[in-house]
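> Need coordinates for the below:
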Amino acid sequence: MTSEIVIIGGGVIGLAIAIELKLRGTNVTVLCRDFQAAATHAAAGMLAPDAENITNEAMLSLCWRSRALYPDWTRKLEELTGLNTGYRPCGILAPVFAEAGGRGDEGAGGAGGAGGAGGEKLILSSPSSPSSPAYWLNKEAIHQYQPGLGAEVVGGWWYPEDAQVDNKALAHVLRTAAESIGVELKDGITVEGFLQQQGQVVGVQTNAGIIRAAHYVLASGAWSNELLPLPVVPRKGQMLSVRIPEFAPDLPLKRVLFGQNIYIVPRCDRLIIGATSEDVGFTPNNTPDGIQKLLQAAIRLYPQLKHYPIQEFWWGFRPATPDELPILGTSHCQNLTFATGHYRNGILLTPVTAALIADLILEQKPDPLLADFHYSRFQSQPSTSTPMLTHSANFSNGHHTAISPLPIQDSPLIIAGKTFQSRLMTGTGKYRSIEEMQQSVIASDCQIVTVAVRRVQTKAPGHEGLAEALDWTKIWMLPNTAGCQTAEEAIRVARLGREMAKLLGQEDNNFVKLEVIPDLKYLLPDPIGTLQAAEQLVKEGFAVLPYINADPMLAKRLEEVGCATVMPLASPIGSGQGLKTTANIQIIIENAGIPVVVDAGIGSPSEAAQAMELGADVLLINSAIALSPNPAAMARAMNLATVAGRLAYLAGRMPIKDYASPSSPLTGTITS
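As a prediction, the model looks like this:
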């Protein structure tokens, strides 16, 4: 199937972009995995850049611009569909408690010294901008303006420009509008990866086959980093609603209340209460702790709702970035555009995102504001004071003396058609600091460094800034699927690793170190899952380097399905036990037609040399270097041992005899 533009993601952002593009004359297809799972349904629909107290100037400008678009934008949608979006320019009230400090106290004082929590004036203007004013209300004023607030409320801010929209109604209107103008909506489609060639996306692999287009838009929210190594993570939000009982006056709460870590939004015959912000991945369901915290905070702010019957609980996943700003604009591929990571402001930023992305794609007219939200802000250049990683063949800078050429002819190491000089691979995990890792890679003279894709994604301890710390023009990245317990997980992470390599400039890097390890105690690889994943990844064009038990039959089978190497373990990962599988590794080496990499368990340089003496083509060593008291020195020792072991293997070992053989001749000796 081919479309002019394919949008990945069927939430409000994806649908709004699709409508904007379609109205400008393009053919658009939206791929949606699960419409009900979109972050749209976890929102409350507040359009609150002022109440949110956004401090980033570019973000505030973007939010103000989008809020200003809302009246005309929603009116056009309503005219197109005959449905109501629930847009209300109602303003937002932000009460402040006595101990709050911060926004409330600063606002009262900053307004000119009059009024505030205990002043005589009821309302004091304190504009945050000439075009978007804010007003401080003292205790008497705020309780008059909104009866029923908690007794601890001593004042608050009134933001008249802020507004709200019914988020669920908006999602329904957008979907209806898209259908009515001819946008093709494909539900139940899971995008599994991008197919790329020479800086272009040539298709997306899905559970329904390959879908192709001239241009692609990534708008898949919290799921974006399952496709590309973007720093977008799910932030779970729990919410609930209470029903306004019949005995209560009609909508006793007239205004949105934006409190401390809580908001209450009046909506027809109910109040919406939200929301938690939990860094728990895609863990589903409501929890007693989350709901209890929401109810406690809401009752403190607006006590009478404790008598209202609970109507509904729900949760969702907001797409958060490290700086809590969206990722908008061009990507590493010429025909792929990003529109993701909107976090708390997805509903608010929908109209402006649609307009900016449509302008960018159709008119190649990037708005200057997009520069502040480009994905490259997360890829800072390495510090010039940090030594870059390189191979000794490329420089001479006093770190150490380069190894002189071997006094014997050796064939080059070739993996998947790529030639390497060093036969030692290293890893990036378990180091005490990024600096120790950098120094160790330099000392090791390695040319291949393996990187755990999931740990870089999640910025796990020791992996923060790792991608930026290495000079990938000199080091070949070997993404690995560490942490994957099933073949399906490993395949998905492998695809992500390939995209990560491309983002770092290695366009032709299709390498993956395949690990499928369900055994959490001994960390032994699953042979069946490894073989299943390898078969699929080879079909997708990967150069697969599978980590396996020292099983000669499995090694041969993996070679037959097209793997680039086999990587038998010497002993369990990180154990430092040395070579415990020597006999099987020898059989694997004897029968292999592809490079054999001895991986895991090497603890000392003598063991590294011994593995190379067996005839192994390469060693992969991480723990023995990283956990040494002096990692750089151990990395250098492992380099020397690898070279020595390889040279010894090429030279050939002397025969082993059952009897002594004198090293000096017995003839011609001096006799008395």
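
> contacting residues for the nearest residue to residue 330 once chain neighbours are set aside?
Sequence neighbours aside, residue 337 is the residue nearest to residue 330 in space, at 6.4 Å (criterion: CB to CB, 6 or more residues apart in numbering). Placement of C-beta: from N, CA and C, glycine included. Applying CB atoms under 8 Å, 6 or more residues apart in numbering, we find residue 337 in contact with 215-218, 329-331, 357, 360-361.

> Narrow the residues you listed to those in helices?
Judged by DSSP state H, the subset of the contacts of residue 337 located in helices is 357, 360-361.

> how would you label residue 317: helix, strand or coil?
Following DSSP: H, G, I helix; E, B strand; the rest coil, residue 317 is assigned to strand.

> So it sits against residue 284, correct?
No. Residue 317 is beyond contact range of residue 284, at 9.0 Å (criterion: CB atoms under 8 Å).

> Neighbour count: the two, which is higher?
Shown here are residue 317 and residue 284; by other CB atoms under 10 Å, residue 317 has more neighbours (23 against 11).

> So in terms of bridging, what pairs with that one?
For residue 317, the beta-bridge assignment (DSSP bridges) gives partners residue 236.

> Ok, the one 10 residues further on next?
Under the criterion DSSP bridges, residue 327 forms beta bridges with residue 340.

> Which element, helix or strand, includes the residue nearest to residue 286 when sequence neighbours are not counted?
Distances taken as CB to CB, 6+ apart place residue 313 nearest to residue 286, at 4.5 Å, with adjacent residues excluded. Assigning secondary structure by DSSP states H and E places residue 313 in strand 310-320.

> helices or strands up against that strand?
strand 233-243 (3 or more CB pairs under 8 Å, 6 or more residues apart in numbering; DSSP states H and E).

> In PDB, could you pull the C-alpha coordinates for the strand it packs on?
Extracted C-alpha coordinates of strand 233-243, given in PDB (Å, rounded to 0.1, in the frame of the first residue of the first chain):
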ATOM      1  CA  VAL A 233       9.200   8.000  27.900                       C
ATOM      2  CA  PRO A 234       5.700   7.200  29.200                       C
ATOM      3  CA  ARG A 235       4.600   9.200  32.200                       C
ATOM      4  CA  LYS A 236       1.600   7.500  33.700                       C
ATOM      5  CA  GLY A 237      -1.300   9.700  34.800                       C
ATOM      6  CA  GLN A 238      -4.200   8.400  37.000                       C
ATOM      7  CA  MET A 239      -7.500  10.300  37.000                       C
ATOM      8  CA  LEU A 240     -11.000  10.000  38.300                       C
ATOM      9  CA  SER A 241     -14.400  11.700  38.100                       C
ATOM     10  CA  VAL A 242     -17.100  12.300  40.600                       C
ATOM     11  CA  ARG A 243     -20.700  12.900  39.800                       C
END
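
> separation between residue 588 and residue 565?
11 Å (CB to CB, to the nearest Å).

> average pLDDT for the helix or strand containing the residue nearest to residue 330?
Assigning secondary structure by DSSP H and E places residue 337 in strand 336-340. Average pLDDT, strand 336-340: 97.

> now the angle from that strand to strand 310-320?
140 degrees (axes from the mean of the first three to the mean of the last three CA atoms, to 10 degrees).

> In contact with the residue nearest to residue 418 when sequence neighbours are not counted, which residues are there?
In this structure, residue 418 finds its nearest non-sequential neighbour in residue 476, 7.3 Å apart by CB to CB, 6+ apart. Neighbour list for residue 476: 418, 420, 447-449, 506, 509, 511 [criterion: CB under 8 Å, 6+ apart].

> what are the bridge partners for residue 476, then?
Going by DSSP bridges, residue 476 forms beta bridges with residue 448.

> Which pLDDT does the model give it?
Looking at residue 476, its pLDDT stands at 91.

> try residue 498
For residue 498, pLDDT reads 88.

> Isn't it up against residue 542?
Yes. Using CB under 8 Å, residue 498 is in contact with residue 542, at 7.1 Å.

> From residue 261, how far off is the residue nearest to residue 286?
With distances taken as CB to CB, residue 313 is found 18 Å from residue 261.

> Have a look at the two and say which one is more surrounded.
It is residue 313, of residue 313 and residue 261, that has more neighbours when counted by other CB under 10 Å, with 15 against 10.

> Please give me every residue in contact with the more buried one.
Neighbours of residue 313 in contact, by CB under 8 Å, 6+ apart: 238-240, 286, 291.

> out of those, who's nearest residue 165?
Taking CB to CB as the measure, residue 165 lies nearest residue 239 of those, at 15.8 Å.

> show me the contacts for the closest one.
Residues in contact with residue 239 (CB under 8 Å, 6+ apart) are 42, 44, 272-275, 294, 313-316.

> one more time with 10 Å
41-44, 263, 265, 272-276, 286, 290-291, 294, 312-316 (CB atoms under 10 Å, 6 or more residues apart in numbering).

> Same question for residue 259.
Contacts of residue 259 (CB under 10 Å, 6+ apart): 51, 93-97, 100, 149-150, 153, 156, 297-298, 300-302.

> Show me which helix runs longest in this structure.
Longest helix of the chain, by residue count under DSSP H: helix 57-81.

> Run me through the strand neighbours of whichever helix or strand comes after that helix, direction for each.
Going down the chain from helix 57-81, the next helix or strand is strand 92-97, by DSSP H and E. Partners of strand 92-97 in the sheet, by DSSP bridges, are strand 153-159 (antiparallel), strand 256-259 (parallel).
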